[in-house]
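> Make a model of this:
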Amino acid sequence: MGYKGQSPGDLLERSGLQADTKANRSLEINMLLLTLLLMLAVALGFLYHGRPYRAWVFPLALGFSVWGFRGGADSFWFWALLIPTALVATLFGVASIRRALISGFIMEKLGPILPTISDTEKAALEAGTVWWDGELF
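As a prediction, this is how the structure comes out:
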């Protein structure tokens with residue numbers, strides 16, 4: 001039993017702490033939902049404008065920023081998720097690193113499998129434009 005024969009729940013209820021806890025929990029849930037909706041809107045905006053890399057990097061940066069400002073920067077999971085995410089974003093975002101570590105490896109493996117380009121296709125690619133032919137199709 002609690003203080004002078006009262007249960008801990010009675011003491012919390014009388015002190016108003018339990019109501020504050022419920023209100024805080026509701027506020028946290030609303031903040032989480034608002035953050036997720038904002039992240040989704042940012043991702044869809046970048047996808048609409050044809051920016052797939054930014055469509056996953058910027059929402060994640062927004063999510064980590066909100067998490068960090070809300071006190072998550074002290075958490076083990078914050079850093080355990082932020083560091084690999086930052087490394088992957090850097091790996092795919094910096095062209096010279098991506099070409100050296102990913103593209104070269106993939107092309108080395110897929111190069112023999114891919115078909116060769118014909119002379120006609122090569123001439124069309126080297127021309128650089130389709131001019132008025134593009135309007136026909």
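
> Flag the shaky bits of the chain, pLDDT-wise.
Low-confidence segments of the chain (pLDDT under 70): 1-20, 130-137.

> Do a quick rundown of the helices in it.
Remark: helices assigned in the chain by DSSP state H are 8-15, 17-48, 52-69, 76-93, 95-98, 104-110, 119-127, 133-136.

> The most centrally placed residue in the chain and Leu101: what is the separation?
The residue lying closest to the centre of the chain (CA atoms, centre = their mean) is Leu60, at 3.1 Å. Leu60 sits at a distance of 21 Å from Leu101 (criterion: CB to CB, to the nearest Å). Placement of C-beta: from N, CA and C, glycine included.

> Same check on Leu32?
Leu32 is 35 Å from Leu101, by CB to CB.

> try Lys109
From Lys109 over to Leu101 the distance is 13 Å, taken as CB to CB.

> cool, and Arg70?
In this view, Arg70 and Leu101 are 34 Å apart by CB to CB.

> related to what we said a few turns ago, specify which residue of Lys109 and Leu101 has the higher count of neighbours.
Neighbour count, other CB atoms under 10 Å: between Lys109 and Leu101, Leu101 has more, with 13 against 9.

> Most tightly packed of the helices of the chain?
helix 52-69 (a mean of 16; mean count of other CB atoms under 10 Å).
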